[in-house]
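K.L.:
here is a sequence with its predicted model. Questions after.
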Amino acid sequence: MVKKFPENFWWGAATSGPQSEGRFNKQHANVFDYWFEQSPEEFYDQIGPDVASNFYNSFESDLSMMEELSFNSLRTSIQWSRLIDDFETGSVNQDAVRFYNEVIDTMIQKGIRPVMNLHHFDIPVELYHKYGGWESKKVVELFVLFAKRCFELFGDRVKDWFTHNEPIVVVEGGYLHQFHYPKLVDGKKAMQVAYNLNLASAKVIQLFKEMTTSGDSRIGIILNLTPTYPATNSAEDQQAAHIAELFTNRLFLDPAIKGEFPEELVELLKENQVLWESTKEELAIIKQYTIDYLGVNYYHPHRVKAPDISPNSVGEWVPDRYYDEYELPGRRMNLDRGWEIYPKAIYDIALSIKEHYGNIAWFVSENGMGISNEERYQDETGVVNDRYRIDFMTEHLTYLHQAIEEGANCFGYHLWTPIDCWSWSNAYKNRYGLISNNIHTQIKTIKRSGYWFKQVAKDNCLPQ
Ligand code: BGP
């Protein structure tokens, strides 16, 4: 059967400012600049975000390569710590304005729709030190001011906006599992941060609606909807999966689409004295200002079982007390990244959105396969022969296509990522791009998967 995708389907890829640009404005540090300065040994090969894939200097040729790959869209982000000179007044850095203007204009000129995200884990570190970062509602206000500047400066040309990328990672990494700054384990703070991120998103949407008069601009949020599967059908395992789902997915999905937090989750947090501080006015804003569309990042499934230790045991309250991680015997793995490969989940996500959230439009905003030491797959001409990535995309797109045939309202597919880029503490260990990047010479070469993707995007169809 010919696997054709809907008309005007978005084909492209996703990156982010902090992972691609390189540190072009040193006035302010974002949390990752700062963390690297403090503890370079915590980053793979001690490589920090200073150069990344050099997008600041090479965006024109990078975008030409993406044009060559038939991209019709690209998602990146505007960095708060680069655009804004003074966080309190919102005064802007003129070089950053010039840079983002040139990037946006070049994309449009090349037929690549600019899709802009406002927050990709990259809060300015000063706002942590001064106010406690996302724990503080003052920071929510300052984020809205940053968003205002972005809409004023670029909203005439950028029609597709997103408030956050994977906000749950800020909560988990920073406040539960210690893999992002400030590396705490504090359930109460974690829940306040989750609430404040939701509030910040709703307030930015409110501002966007007030500022945007033309009907062709949209705003949404990007969530990593890692679906949760119970180890068995036992009531205990199913309950564990249900609670994991509440914390990892519905904590952001419900307010974003339905304008409210799941009641059951709120009750559970209350019982444990870890419910966030909220006001009636804030909850009314969250209720009213929901998203126009949704970005879904999907990499791997989440499998859980009932916890070995009773969830009511004493100790620091953290959501993980309600479930234990479960490794499916014989699971298929990407051993380099340590993630299970399970393409059918993309179909399950699609059907679950349809069943629980109606007809909300959404797209796959990230999906991809991180492989280390990809030089070993280079052929004699220097092209990385990444058959595994082509297989990975084929399998995921086949399930996505099936879901669309069954009525899923999905309008696009973005791979993580166009050009091998820097990644948080893993730096350049795992490569995800359709284009390889030699980090010593900054020479960029299209991989075999890039040529494959080009054809798929051109045909709007999977090869037969
Ligand atoms: C997502 C992030 C991306 C990217 C990707 C790959 O969660 O939105 O920024 O980094 O994961 O993950 P990693 O780089 O950790 O391998």
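P.N.:
Thanks, I have it.
K.L.:
give me the pLDDT for Pro311.
P.N.:
Listed pLDDT for Pro311 reads 76.
K.L.:
give me the secondary structure label for Thr445.
P.N.:
strand (DSSP: H, G, I helix; E, B strand; the rest coil).
K.L.:
element containing the nearest residue to it once chain neighbours are set aside?
P.N.:
Leaving aside its sequence neighbours, Thr445 sits nearest to Ser436 (CB to CB, 6 or more residues apart in numbering; 5.1 Å). No exception for glycine: its C-beta is placed from N, CA and C like everyone else's. Element membership of Ser436, judged by DSSP states H and E, is strand 435-437.
K.L.:
for the stretch 1-150 of the chain, what lies in contact range of the ligand?
P.N.:
The stretch 1-150 of the chain comes close to the ligand at residues Ser16, Gln19, as judged by CB under 6 Å from any ligand atom.
K.L.:
can you rerun that using 8 Å?
P.N.:
With CB under 8 Å from any ligand atom as the criterion, the stretch 1-150 of the chain meets the ligand at residues Ala14, Ser16, Gln19, His120, Phe121.
K.L.:
quick one: contacts for Tyr34?
P.N.:
Val125, Tyr181 (CB atoms under 8 Å, 6 or more residues apart in numbering).
K.L.:
could you redo the last one with a cut-off of 10 Å?
P.N.:
His28, Ser81, Pro124, Val125, Glu126, Tyr128, His129, Tyr181 (CB atoms under 10 Å, 6 or more residues apart in numbering).
K.L.:
so it sits in a helix?
P.N.:
Yes - assessed by three-state DSSP, Tyr34 belongs to a helix.
K.L.:
that older thread, mind listing what's buried in the strand holding Ser436?
P.N.:
Of the residues in strand 435-437, Ile435, Ser436, Asn437 count as buried by neighbour count, 16 or more other CB atoms under 10 Å.
K.L.:
identify the residues contacting Phe36.
P.N.:
Per CB under 10 Å, 6+ apart, neighbours of Phe36: Arg23, Ala29, Glu42, Phe43, Gln46, Ile47, Gly48, Pro49, Asp50, Tyr181, Ser425, Ala427.
K.L.:
how much space between the residue nearest to Thr445 and Gly315?
P.N.:
46 Å (CB to CB, to the nearest Å).
K.L.:
kindly report the same for Ile286.
P.N.:
Separation of Ile286 from Gly315 (CB to CB): 31 Å.
K.L.:
again, but for Gln288
P.N.:
39 Å.
K.L.:
residue closest to the middle of the protein?
P.N.:
The residue lying closest to the centre of the chain (CA atoms, centre = their mean) is Asn165, at 3.6 Å.
K.L.:
how about the contacts made by that residue?
P.N.:
14, 16, 75, 77, 117-122, 221-224, 295, 297, 365-366.
K.L.:
try Leu269
P.N.:
187-188, 191, 194-195, 246-247, 251, 261, 275-276, 317, 319.
K.L.:
also Tyr44?
P.N.:
By CB under 10 Å, 6+ apart, the residues touching Tyr44 are Ser372, Trp422, Ser423, Trp424, Ser425, Asn426, Ala427, Tyr428, Lys429, Asn430.
K.L.:
what is the nearest of the residues you listed to the ligand?
P.N.:
Ser423 (3.1 Å; CB to the nearest ligand atom).
K.L.:
what's the local residue count around the closest one?
P.N.:
22 (other CB atoms under 10 Å).
K.L.:
now for it: which residues touch it?
P.N.:
Neighbours of Ser423 in contact, by CB under 10 Å, 6+ apart: 16, 18-19, 43-44, 49, 52, 370, 416-417, 429-432.
K.L.:
check Val170 too.
P.N.:
So Val170 contacts 31, 119-123, 133-134, 164, 180-181, 190, 193-194, 196-197 (CB under 10 Å, 6+ apart).
K.L.:
got CSV for the buried residues of strand 435-437, with pLDDT and distance to Glu380 too?
P.N.:
As requested, the buried residues of strand 435-437 are arranged in CSV below (pLDDT from 0 to 100; distance: CB to CB, whole Å):
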residue, pLDDT, distance to Glu380
Ile435, 98, 19
Ser436, 98, 15
Asn437, 97, 20
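K.L.:
what subset of the residues you listed is also close to the ligand?
P.N.:
Of these, not one also sits near the ligand (CB under 8 Å from any ligand atom).
K.L.:
follow-up on the earlier one: mind listing which of the contacts of Tyr44 are in helices?
P.N.:
Using DSSP state H, no member of the contacts of Tyr44 sits in helices.
K.L.:
narrow the residues you listed to those that are buried.
P.N.:
Buried among these (16+ other CB under 10 Å): Trp422, Ser423, Trp424, Asn426, Ala427, Tyr428, Lys429, Asn430.
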